[in-house]
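Visitor: Here's my sequence, what's the structure:
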Amino acid sequence: MKSVVIGQYLPGNGFFHKVDPRTKIIAVLFMMIATFLLNDIYQVLTALLLTFGFMLIGKIPLTRILKGLKPILVLLIFTFVFQILLNKEGKIIVDNQLDISLANILFVIVLFVIWRFLAKFKKFNFLLFIGFLVGAVLIFSHVRLSFDYSLTSYRLMIYEKGIEMSIFVVFRLLIIITLSTLLTLTTKPTDLTQGLESLLRPFKKIGFNSDDFALIISISLRYIPTIFDEANKIMQAQASRGADFSEGKLKDKLKQVISLLIPMFIIAFIRSEELADAMGSRNFIPGKPRTRIHVLEFSYRDVLVSGFTVIFFVLSLLFRINVLGY
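Guide: Below is the predicted model of the structure:
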């Protein structure tokens, strides 16, 4: 839970720290849309490299972004495997017969026990998981004993288009997550709130309260890492009293999760009351106009970011049109 990066602000003096939050919000939105317009793996790879280039320009450590990707590794792996197994287009790259037998299942169980034992050392967990999956596939595809009893078989076929689409989808997800993380890391919560209020102000003409909506969004983003940090403290406190969230029966795990959720709700309510008291002590009144010490102003950096965003979006649209034209 310490690896949660979305919602955190990283103080600094990088290029994007000094860009107006309104410009960053619009730029991130249009670049996400442009990413979905790209329909070629090389185009998405170029966009991913540009995204990493933004991190260098904004002086954001790469390790900070990679740390924030840990919570979604399972989603990325599932998406990768899902695309490989279900996409049946293009040339066949892998064609193996997987024999599921009693001996093979026993070997996989032994491999699983070894993986779980090594995973307790909390090092290279991701590589160990990949090694377990690869080892299981190799056992089912190559281990065949003459005295073994075969249960069933499965033909594993991996196509060229499946590999291409899996990489394409994962790259696209990485771009979207990195862009949203870059926005929150380089924008103060107060500036983000002020930028959202300014952008949504035209909707007041149709009765939409943009100020309250922007405040809700900014507070939600701000308290995501705080809530996860509190959950981590509760888990450590319960672990010191003998609770184990990784082992045990399903019934025991459910009880442990409930024991985690109850104090989490209590802490969330306490935090909300403290925040309401703090806002009330500062004479905050919902719906009333407010003044600010720091007023948002555009600079030459906003012109550069806007120009690059327009060029990127137009190029993505042109690439999309050319693809649809064939």
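
Visitor: helices or strands up against the lowest-mean-pLDDT helix or strand in the chain?
Guide: Lowest by mean pLDDT, DSSP states H and E among the helices and strands of the chain is helix 62-68, with a mean of 73. The contact analysis (3 or more CB pairs under 8 Å, 6 or more residues apart in numbering; DSSP states H and E) places helix 62-68 against helix 41-57, helix 160-185. Where you see a C-beta, it was placed from the backbone N, CA and C, and this is true even at glycine.

Visitor: Downstream of it, the next helix or strand is which one?
Guide: The helix or strand immediately downstream of helix 62-68 is helix 73-86, counting by DSSP states H and E.

Visitor: before we move on, back to that, what about the least confident helix or strand of the chain, distance to the chain center?
Guide: 11 Å (CA atoms, centre = their mean, to the nearest Å).

Visitor: Over to stretch 113-129?
Guide: 23 Å.

Visitor: what does stretch 100-116 give?
Guide: From the chain centre to the centre of stretch 100-116 is a distance of 32 Å (CA atoms, centre = their mean).

Visitor: which residue ranges form the helices in the protein?
Guide: 21-37, 41-57, 62-68, 73-86, 102-119, 125-142, 160-185, 189-200, 210-239, 250-281, 300-325 (DSSP state H).

Visitor: got the angle between the second one and helix 21-37?
Guide: What it means is helix 41-57. With axes from the mean of the first three to the mean of the last three CA atoms, to 10 degrees defining the directions, helix 41-57 sits at 160 degrees from helix 21-37.

Visitor: and what of the fifth one?
Guide: Regarding helix 102-119 and helix 21-37, their directions subtend 160 degrees when assessed with the same axes, to 10 degrees.

Visitor: most tightly surrounded among the helices and strands packed on helix 62-68?
Guide: Among the helices and strands packed on helix 62-68, the stretch with the highest mean neighbour count (mean count of other CB atoms under 10 Å) is helix 160-185, at a mean of 19.

Visitor: got the angle for that one vs helix 73-86?
Guide: Using the same axes, to 10 degrees: helix 160-185 against helix 73-86 is 160 degrees.

Visitor: Show me what helix 160-185 is packed against.
Guide: helix 21-37, helix 41-57, helix 62-68, helix 73-86, strand 92-101.

Visitor: Kindly recompute the last result at 7 Å.
Guide: helix 21-37, helix 41-57, helix 62-68, helix 73-86 (3 or more CB pairs under 7 Å, 6 or more residues apart in numbering; DSSP states H and E).

Visitor: what pLDDT does the closest residue in space to Phe171 that isn't next to it in sequence get?
Guide: In this structure, Phe171 finds its nearest non-sequential neighbour in Val44, 4.6 Å apart by CB to CB, 6 or more residues apart in numbering. Val44 carries a pLDDT value of 89.

Visitor: One more: Val28?
Guide: Looking at Val28, the pLDDT reads 92.

Visitor: How about the contacts made by it?
Guide: Val28 is in contact with 179-180, 183, counting by CB atoms under 7 Å, 6 or more residues apart in numbering.
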